[in-house]
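Peer 1: Build me a model:
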Amino acid sequence: MADQHEVVVGNVGTVYRGDSSKAARLAYVEYVSQSKVGRGRAGGESVVWLWRGDVYREYEGTLHESAL
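Peer 2: Below you'll find the predicted structure:
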């Protein structure tokens with residue numbers, strides 16, 4: 001689990017898992033953008049970037065549980 005990155009999107013699930021911080025960043029930025037504009041299944045969803053099993057970055061979408 002040396003430099004393991006994982007990006008998880010609300011109801012979509014894991015969209016990236018691997019050792020590349022660059023690929024993780026690209027996935028995180030893309031899905032945060034989709035969430036913000038309300039596009040596709042990621043629209044309004046939360047996006048979390050995990051690094052070594054801990055939350056590294058997090059975007060709380062507009063569909064988080066307290067809004068339901």
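
Peer 1: Which stretches in the chain count as helices?
Peer 2: When secondary structure is read from DSSP state H, the chain shows helices at 21-37.

Peer 1: Tell me which residue is most central in it.
Peer 2: residue 47 (2.9 Å; C-alpha atoms, centre = their mean).

Peer 1: Quick one: residues contacting that one.
Peer 2: Remark: with contacts taken as C-beta atoms under 8 Å, 6 or more residues apart in numbering, residue 47 is in contact with 7, 8, 9, 10, 28, 31, 32, 35, 58, 59, 61. The way it works is simple: take the backbone N, C-alpha and C, and place the C-beta from them, glycine included.

Peer 1: how about low-confidence regions in the chain?
Peer 2: Scanning the chain for pLDDT under 70 picks out the ranges 1-2, 64-68.

Peer 1: Quick one: the strands in it, in order.
Peer 2: Secondary structure of the chain, counting by DSSP state E: strands at 5-9, 13-18, 47-51, 54-59.

Peer 1: Next, the angle from the third one to helix 21-37.
Peer 2: Same thing as strand 47-51. Between strand 47-51 and helix 21-37, the angle formed by their directions is 160 degrees, by axes from the mean of the first three to the mean of the last three C-alpha atoms, to 10 degrees.

Peer 1: The last one too?
Peer 2: Angle, strand 54-59 to helix 21-37, by the same axes, to 10 degrees: 30 degrees.

Peer 1: Who does strand 54-59 pair with, and is each partner parallel or antiparallel?
Peer 2: Here strand 54-59 is paired, per DSSP bridges, with strand 47-51 (antiparallel).

Peer 1: By neighbour count, which bits of the partner strand are buried? Give me those.
Peer 2: Neighbour counts using 16 or more other C-beta atoms under 10 Å place 47, 48, 49, 50 of strand 47-51 among the buried residues.

Peer 1: Format the residues you listed as CSV; extra columns: distance to residue 14.
Peer 2: Putting the buried residues of strand 47-51 into CSV (distance: C-beta to C-beta, whole Å) gives the following:
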residue, distance to residue 14
47, 11
48, 10
49, 11
50, 9
